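Participant: my questions concern the predicted model and sequence given below.
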Amino acid sequence: MLHAPNTKIKVLIGDTSVRSRLVLSGMINAEPHLEVVDTAQTKDELLSKAFDLQPDVIVAQPGLTVSGKLPLFRSVYKDQSPLLLMVSQKMELYSEPNLTDQESAYVLQSDSSLAAGKLVGVKVELMNKLRALVKGYGGTFTWRGMQPEVEVLKVKYHPTPVINPAQKPLCLVVLGASTGGSTAVEYVLRDLEVQQPTVVLVAIHMPEKFTKRLARRLQKVTKWQVEEGRKGMALQANTVIIAPGGHDMFIRRNALKPDLLTLDLVPATSAVLDSPSVDTLMQSAAYCAGEHVMGIIMTGMGQDGTKGAQEIRNMGGVIIAQNAETSSIFGMAKSAIENGVVNGVVALGQIHSMISRFAAERHLSHTLQRDLSR
């Protein structure tokens with residue numbers, strides 16, 4: 001498989017654990033040069049998606065491969081077979097690897113299952129391996145001519161830090177808008193009060209310099225700290241962060257410090273009228289914070305935000321859309337509603353109270369989702 005320079009490396013994930021698939025997806029998608037194209041839960045699903053999507057790299061449990069060994073992709077891919085990274089919990093599976101001279105694999109081995117959520121070391125090694133591959137093959141990306149090898153990484157056990165149950169994780173509220181969005185966001189922030197640690201992330205389709213002016217304008221009407229997003233900026237409670245014009249803003253989770261979320265910026269890849277991208281911001285929030293995310297699709301033209309809203313729903317978060325009556329342009333919200341990715345539709349004047357309720361009752365998010373669907 002060949003990629004043009006600067007094209008993202010496509011990754012397919014195979015894992016029987018929902019948690020592992022979410023964790024791996026979030027980690028990999030947070031890397032600017034990597035993209036998770038899909039995930040699979042069963043062996044048949046993994047093989048089918050591998051054939052259809054033709055990824056560059058497959059990250060999979062040995063149990064989802066053929067006979068615990070490499071999937072038989074070569075019959076389809078010929079001499080451009082993808083590289084396989086296996087996450088294994090039993091070393092004996094690979095005591096005598098039987099690989100042909102045309103196959104390559106990296107095996108990550110440890111004493112426990114990745115699904116347990118405790119193998120920080122395994123995750124770090126996996127991401128280091130992927131980053132090394134990106135660095136080594138960042139120009140024209142191809143596995144043709146690679147020498148076969150099996151690399152076993154033995155990782156020490158690192159228990160998950162104990163979190164005080166009274167200390168809730170940071171709540172992420174993502175506001176996405178376009179035409180009429182600056183006025184709508186100002187209305188929401190003016191009276192917004194929350195009792196739990198919350199950060200508000202805003203993506204409004206605006207050109208460079210205008211977003212900086214928006215941040216200054218919003219700071220005058222709210223007690224929240226309002227800033228334009230910066231590369232490496234840590235997400236902190238009681239702040240509002242505006243995605244800067246001309247860039248797409250997304251969230252990263254630190255593999256060594258799972259509770260630390262930071263921002264990254266890349267030059268906008270979508271059309272000028274659809275940047276900063278709402279989809280990019282929402283998708284990264286979903287991967288990094290799961291059920292602790294509320295997404296809000298507000299006034300604006302187009303369909304940006306629909307894909308991001310779907311990811312938030314998939315990861316257990318809540319999505320609401322601004323209704324037609326209070327929208328300047330009922331386009332983005334309409335798209336999300338018609339695609340069935342929202343939990344409920346509310347008027348602009350109700351949004352700030354919905355945010356407050358979600359931040360306070362995230363453990364009852366299913367109740368909120370039920371109430372919104374009525």
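Facilitator: Looks like it arrived, so ask away.
Participant: wait, what's in contact with Phe210?
Facilitator: Applying CB atoms under 8 Å, 6 or more residues apart in numbering to Phe210 gives the contacts Gly245. Any C-beta I mention is one placed from the backbone N, CA and C, and that applies to glycine too.
Participant: where does it land on pLDDT?
Facilitator: At Phe210, the model reports a pLDDT of 94.
Participant: and Arg19, by the same measure?
Facilitator: Looking at Arg19, its pLDDT reads 70.
Participant: the helix or strand that contains it packs against which elements?
Facilitator: Assigned by DSSP states H and E, Arg19 belongs to helix 18-29. Contacts defined by 3 or more CB pairs under 8 Å, 6 or more residues apart in numbering; DSSP states H and E place helix 18-29 against strand 9-14, strand 34-40, helix 120-136, helix 278-289.
Participant: for that helix, which positions count as buried?
Facilitator: Within helix 18-29, the residues that count as buried by 16 or more other CB atoms under 10 Å are Ser20, Arg21, Leu22, Val23, Leu24, Ser25, Gly26, Met27, Ile28, Asn29.
Participant: and the fifth one, how far is that from Met127?
Facilitator: Right, Leu24. From Leu24 across to Met127, the span is 9 Å (CB to CB, to the nearest Å).
Participant: which residues touch the closest residue in space to Lys334 that isn't next to it in sequence?
Facilitator: Closest residue to Lys334 apart from its sequence neighbours, by CB to CB, 6 or more residues apart in numbering: Ala324 at 7.1 Å. Ala324 makes contact with Phe330, Ala333, Lys334, according to CB under 8 Å, 6+ apart.
Participant: pull the number of nearby residues for the closest residue to Leu189 other than its chain neighbours.
Facilitator: The shortest distance from Leu189 to any non-neighbouring residue, by CB to CB, 6+ apart, is to Thr222 (4.4 Å). The number of residues packed near Thr222 is 16, by other CB atoms under 10 Å.
Participant: same question, Met206
Facilitator: Met206, neighbours per other CB under 10 Å, totals 22.
Participant: now name the helix or strand holding it.
Facilitator: Per DSSP H and E, there is no helix or strand for Met206.
Participant: next one: phi and psi at it?
Facilitator: Met206 adopts backbone torsions of phi -140, psi 150, taken as degrees, to the nearest 10.
Participant: in a markdown table: the helices and strands packed on helix 18-29, plus mean pLDDT.
Facilitator: Formatted as a markdown table, the helices and strands packed on helix 18-29 follow (pLDDT from 0 to 100):
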| stretch | mean pLDDT |
| --- | --- |
| strand 9-14 | 82 |
| strand 34-40 | 84 |
| helix 120-136 | 65 |
| helix 278-289 | 94 |
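Participant: pick the most buried one from the ones you listed.
Facilitator: With neighbours taken as mean count of other CB atoms under 10 Å, the helices and strands packed on helix 18-29 reach their highest mean count in helix 278-289, at a mean of 28.
Participant: which residues does the residue nearest to Leu189 contact?
Facilitator: So Thr222 contacts Leu189, Arg190, Leu192, Val240 (CB under 8 Å, 6+ apart).
Participant: put the buried members of those residues into a PyMOL selection.
Facilitator: The following PyMOL line selects those of the contacts of Thr222 that are buried, judged by 16+ other CB under 10 Å:
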select buried, resi 189+192+240
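Participant: tell me which two of the contacts of Thr222 sit farthest apart.
Facilitator: Arg190 and Val240 (11.6 Å; CB to CB).
Participant: mind listing the strands for the stretch 101-250 of the chain?
Facilitator: 105-109, 150-154, 171-177, 198-204, 225-228, 239-242, 247-253 (DSSP state E, counting those that start in this stretch).
Participant: and Arg216, how many neighbours?
Facilitator: 11.
Participant: ok, it - contacts?
Facilitator: Val226.
Participant: what about 10 Å?
Facilitator: Neighbour list for Arg216: Val226, Glu228, Ile242 [criterion: CB atoms under 10 Å, 6 or more residues apart in numbering].
Participant: of these, which is the most crowded?
Facilitator: Ile242 (28 neighbours).
Participant: related to what we said a few turns ago, anything in contact with each of Arg190 and Val240?
Facilitator: Leu218, Thr222.
Participant: closest to Gly300 out of the contacts of Thr222?
Facilitator: When the contacts of Thr222 are compared against Gly300 (criterion: CB to CB), the nearest one is Leu189, at 17.0 Å.
Participant: so the closest one touches Leu175, yeah?
Facilitator: Yes - assessed by CB atoms under 10 Å, Leu189 is found in contact with Leu175 at 8.9 Å.
Participant: now do the shared contacts for these two.
Facilitator: Val200, Val202, Val240, Ile351, Ile355.
Participant: which of these has the most neighbours?
Facilitator: Val202 (31 neighbours).
Participant: please tell me how far that residue sits from Leu34.
Facilitator: 26 Å.
Participant: ok, Gln310 next?
Facilitator: For Gln310 relative to Leu34 (CB to CB), the value is 20 Å.
Participant: count the neighbours of the nearest residue to Gly349 once chain neighbours are set aside for me.
Facilitator: Distance criterion CB to CB, 6+ apart; nearest residue to Gly349, sequence neighbours excluded, is Thr326 at 7.2 Å. By the criterion of other CB under 10 Å, Thr326 has 19 neighbours.
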